[in-house]
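Participant: need a 3D model of the following:
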Amino acid sequence: MPKAQETVLEIDLKALKHNFEYLKSKTQKDTKTLAVVKAFAYGSHADTIANCLQDLDVDYFAVAYVSEGIALRDAGIIKPILVLHPQVINFKTLIEKCLEPSLYNAKVLREFIAVALEEGQTNYPIHIKFNTGLNRLGFWENDVDHIISKLKETNSVKAKSVFSHLAASEDLSEKEFTSQQIQNFEKIAKEFSEKIGYKPLLHICNTSGILNYPEAHFDMVRAGIGLYGFGNSEKENKNFKPIATLKSVISQIHHVEKGETVGYNRAYKSKDFTKTATIPIGHADGIGRQYGNGNGYVIINGKPAHIIGNVCMDMIMVDITNIDCKEGDEVIIFGNHPHSASEFSKTAQTISYEIITAISPRVKRLFLT
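Facilitator: Okay, the predicted model is just below:
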């Protein structure tokens with residue numbers, strides 16, 4: 001890999017292919033795969049990631065919002081796109097771009113049917129979401145009759161899928177709760193299919209569900225964080241390859257005498273002679289202030305260098321007292337295991353999802369093929 005000469009996010013498309021194929025190998029033979037590419041494909045680059053996965057013949061895509069689906073259509077994505085959290089104001093645009101809405105309560109179902117009728121649609125694909133324990137979005141089990149009555153009143157829409165979301169599929173200590181969610185979903189799906197008179201696609205598994213609950217793969221699984229290189233467990237992380245490596249360079253080295261301070265609010269006070277390196281990345285790039293003051297660390301020439309003082313908007317300072325390095329040397333903020341985004345995020349008591357989705361668009365993306 002080329003040495004960084006500026007702050008850059010390297011995205012390894014071979015690693016993406018590896019992760020996709022690994023998840024496929026864990027999926028039941030006839031089960032479809034939906035790739036979740038919301039939040040700019042988890043902070044990487046949605047257009048490139050989606051086109052790569054489309055070339056790998058993924059069956060479906062999912063995004064959070066209509067604007068994300070529009071961007072994928074404009075980037076050449078022709079596969080079906082599920083919008084997980086559409087807003088009523090965007091329903092007409094959603095139809096214009098052939099996106100497929102998740103409908104999760106009586107209001108959005110009623111409003112989407114009205115727009116579909118207004119737009120002259122017939123059997124427009126919709127996805128009905130049920131809440132089985134996450135308590136975030138979704139119809140309740142006792143809403144089935146209401147949904148069926150609304151769908152039988154019109155031919156403007158048709159249920160393409162019925163789905164739910166597991167709350168703790170990565171936590172095996174919550175296996176009883178997850179199994180109960182799956183059982184509830186099966187019950188709801190059976191009732192729905194019998195009353196509507198056809199069988200929609202069924203899906204409930206996220207990445208951890210794919211790995212831990214093969215009995216619940218049903219007709220489709222939703223691969224999210226696993227595509228980007230994380231298995232949500234120490235064991236499974238070994239089978240994935242993080243696709244993103246965040247790199248930068250040393251801009252300047254300072255020699256700080258005992259008693260001197262570093263950075264805003266004089267947050268770091270040197271207890272002895274300290275050598276520091278200033279690196280062009282900060283909280284405007286996604287490295288939040290919680291990583292400062294000795295919490296987070298980067299890798300320079302194979303050694304950890306802890307962030308000292310407060311993280312600035314565009315810069316961090318790190319302690320390189322015991323590291324042989326010079327100005328212009330490469331800095332790894334996170335990359336492959338063991339110094340992955342997952343490990344980096346732990347230093348601030350958070351998770352890989354947060355750090356990878358936070359990387360600013362101003363950070364240059366470099367694609368490795």
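Participant: ranges for the helices of the stretch 251-369 of the chain?
Facilitator: Listed in chain order, the helices of the stretch 251-369 of the chain (DSSP state H, counting those that start in this stretch) span 341-346, 352-357.
Participant: closest one to Asn206 among these?
Facilitator: Asn206 lies closest, by CB to CB, to one member of the helices of the stretch 251-369 of the chain: helix 352-357, at 11.5 Å. The C-beta positions use only the backbone N, C-alpha and C, and glycine is treated the same way.
Participant: list the buried residues in that closest one.
Facilitator: Buried positions in helix 352-357, judged by neighbour count with 16 or more other CB atoms under 10 Å: Ser352, Tyr353, Ile355, Ile356, Thr357.
Participant: what is the end-to-end distance of stretch 214-222?
Facilitator: From the first residue to the last, stretch 214-222 extends over 13 Å; the measure is CA to CA, to the nearest Å.
Participant: what about it, average pLDDT?
Facilitator: The pLDDT scores in stretch 214-222 average 97.
Participant: chain center to it, what's the gap?
Facilitator: In terms of CA atoms, centre = their mean, to the nearest Å, the centre of stretch 214-222 is set 19 Å apart from its chain centre.
Participant: sort out which residues of it are buried, please.
Facilitator: In terms of neighbour count (16+ other CB under 10 Å), stretch 214-222 has its buried residues at Ala216, His217, Phe218, Asp219, Met220, Val221, Arg222.
Participant: any idea which helix or strand in this protein has the lowest mean pLDDT?
Facilitator: Comparing helices and strands within the chain by mean pLDDT, DSSP states H and E singles out helix 234-237 as the least confident, with a mean of 89.
Participant: contacts for that one, please.
Facilitator: When contacts are taken as CB atoms under 8 Å, 6 or more residues apart in numbering, the neighbours of helix 234-237 outside the stretch itself are Leu211, Phe230, Gly231, His337, Ser340, Ser342.
Participant: what subset of these is buried?
Facilitator: Among the contacts of helix 234-237, the ones that count as buried (16+ other CB under 10 Å) are Leu211, Phe230, Gly231, Ser340, Ser342.
Participant: reformat these as TSV; add pLDDT and distance to Met315.
Facilitator: TSV is the format used below for these (pLDDT from 0 to 100; distance: CB to CB, whole Å):
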residue	pLDDT	distance to Met315
Leu211	97	39
Phe230	95	28
Gly231	92	33
Ser340	94	23
Ser342	93	24
